[in-house]
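Visitor: Okay, here's the prediction I keep looking at, along with the sequence it came from:
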Amino acid sequence: MRRYEYRVLQLRESLVGGKLSADKLEKILNDAADDGWQLKAITSTEVKGRIGPGGVEGLLVTLERPVG
């Protein structure tokens, strides 16, 4: 039986209205915490765009919470 479950959020600058600010990231994390998620890791990455090759700077935010 699983003891934890995970959620990975892929955040692109354009998804959060321009440059990703500490305030915007804090709100995302606090909203997730309200649902029982806690931060496991943040990884800087290139996130693929919807149109054309290449990508934009972004973050992968990994959240964890106990099951049950």
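Guide: Received, thanks.

Visitor: where in the protein is pLDDT low?
Guide: By pLDDT under 70, the low-scoring segments of the chain are 13-19, 47-56.

Visitor: now the strands: where do they sit in the chain?
Guide: Per DSSP state E, the chain has strands spanning 4-12, 38-48, 55-66. These are given in chain order.

Visitor: first vs last residue of stretch 44-58, how far apart are they?
Guide: End-to-end span of stretch 44-58 (CA to CA, to the nearest Å): 6 Å.

Visitor: swap that for stretch 9-26, please
Guide: End-to-end distance for stretch 9-26: 14 Å, by CA to CA.

Visitor: same thing with stretch 41-57?
Guide: Using CA to CA, the two ends of stretch 41-57 sit 17 Å apart.

Visitor: same check, this time on stretch 27-43
Guide: Using CA to CA, the gap from the first to the last residue of stretch 27-43 comes to 18 Å.

Visitor: Could I get the buried residue list for it?
Guide: 28-29, 32, 37 (16 or more other CB atoms under 10 Å). In this view, the C-beta of every residue, glycine as well, is placed from N, C-alpha and C.

Visitor: how about these in a markdown table, adding distance to Y4?
Guide: As requested, those are exported to a markdown table (distance: CB to CB, whole Å):
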| residue | distance to Y4 |
| --- | --- |
| I28 | 20 |
| L29 | 17 |
| A32 | 14 |
| W37 | 10 |
